[in-house]
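Asker: Fold the following.
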Amino acid sequence: MRLKELKKKIPGQFYSAIEATGVDELRPCQEKSVKKGLLKEKSVLVCTPTASGKTLAAELAIINAIANKGKAVYIVPLKALATEKHKDFSAKYKGLMKVGISIGDLDQAEPHLGDNNLIIVTAEKLDSLLRHHVQWLKYVSCIVIDEIHLLNDPGRGPTLELLITILRTLLKDVQIVGLSATIGNPKELAKWLKAELVEDKWRPVELKQAVYVDDKIEYVK
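Answerer: Prediction:
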């Protein structure tokens, strides 16, 4: 699928920002996500290899939410990743969307976050914000959960699972976009999220398995 096929579905300036990065053709997971209803507010669980294009699929959902006067929340597991995403999105969509970030350890409402179109947070920070009953939450129509396989993590999993449950209870029609390269039970997770499952094995660089013995590399067929 060519990017230009979505030109009428992506607001002009956002389309130009994506096109400026060199995107001409959608990668398999992006095309599959669109066909599964990504731009029609359908929840999707994208399970594809690293560097296969999951982030842009999430961006399309975020842009769609903002274009329809909503807000989006991007949940990441690490502060460093939150900072990286904030930097990337702020530069890519400068002047098109306001991108906020909240990763601090202080337990406070941070009402200024409501001034942003996209809010990037860690799961623990969003949990804290919800406890303060932030007013901007009611405007959120899209939630992206990066590294969603961490639901299975014994330390962080319970917080993330509870967070998703609360968000789905408070926001009845919210679109959830889950991203992961490593999910052992994707069908079960998609069913729990009430999301369309997007799976694909395409990766930009072929992955090969090899054994190094006596200064020789033998590739596994």
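Asker: CA only for contacts and neighbour counts going forward, please
Answerer: Noted.
Asker: What are the boundaries of the helices in this structure?
Answerer: Per DSSP state H, the chain carries helices over the ranges 12-19, 28-35, 54-67, 79-92, 123-131, 157-170, 186-193.
Asker: What residues sit buried inside the first one?
Answerer: Of the residues in helix 12-19, those scored as buried under the neighbour-count criterion (16 or more other Cα atoms under 10 Å) are 14-15, 17-18.
Asker: same question, the third one
Answerer: Buried residues in helix 54-67, defined by neighbour count with 16+ other Cα under 10 Å: 54, 56-67.
Asker: Repeat that for the last one.
Answerer: By neighbour count, and taking 16+ other Cα under 10 Å as the criterion, the buried residues in helix 186-193 are 186-187, 189-190, 193.
Asker: Export those residues as JSON lines, with columns for pLDDT and distance to Lys4.
Answerer: Below are the buried residues of helix 186-193 laid out as JSON lines (pLDDT from 0 to 100; distance: Cα to Cα, whole Å):
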{"residue": "Pro186", "pLDDT": "95", "distance to Lys4": "31"}
{"residue": "Lys187", "pLDDT": "96", "distance to Lys4": "31"}
{"residue": "Leu189", "pLDDT": "96", "distance to Lys4": "32"}
{"residue": "Ala190", "pLDDT": "97", "distance to Lys4": "29"}
{"residue": "Leu193", "pLDDT": "96", "distance to Lys4": "31"}
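Asker: Let me know the closest of those to Tyr219.
Answerer: Sorting the buried residues of helix 186-193 by distance to Tyr219 puts Pro186 at the head of the list, at 29.2 Å, by Cα to Cα.
Asker: I'd like the distance between that closest one and Asp153.
Answerer: 15 Å (Cα to Cα, to the nearest Å).
Asker: now swap in Lys216 and tell me
Answerer: Noted for Lys216: a distance of 38 Å to Asp153, by Cα to Cα.
Asker: Who has more neighbours out of those two?
Answerer: More crowded of Lys216 and Asp153, by other Cα atoms under 10 Å: Asp153, with 12 against 9.
Asker: Now do the contacts for the spatially closest residue to Lys79 that is not a sequence neighbour.
Answerer: Spatial nearest neighbour of Lys79, chain neighbours left out: Ile103 (6.0 Å); criterion: Cα to Cα, 6 or more residues apart in numbering. Neighbouring residues of Ile103 by Cα atoms under 8 Å, 6 or more residues apart in numbering: 79, 82, 121-122, 125.
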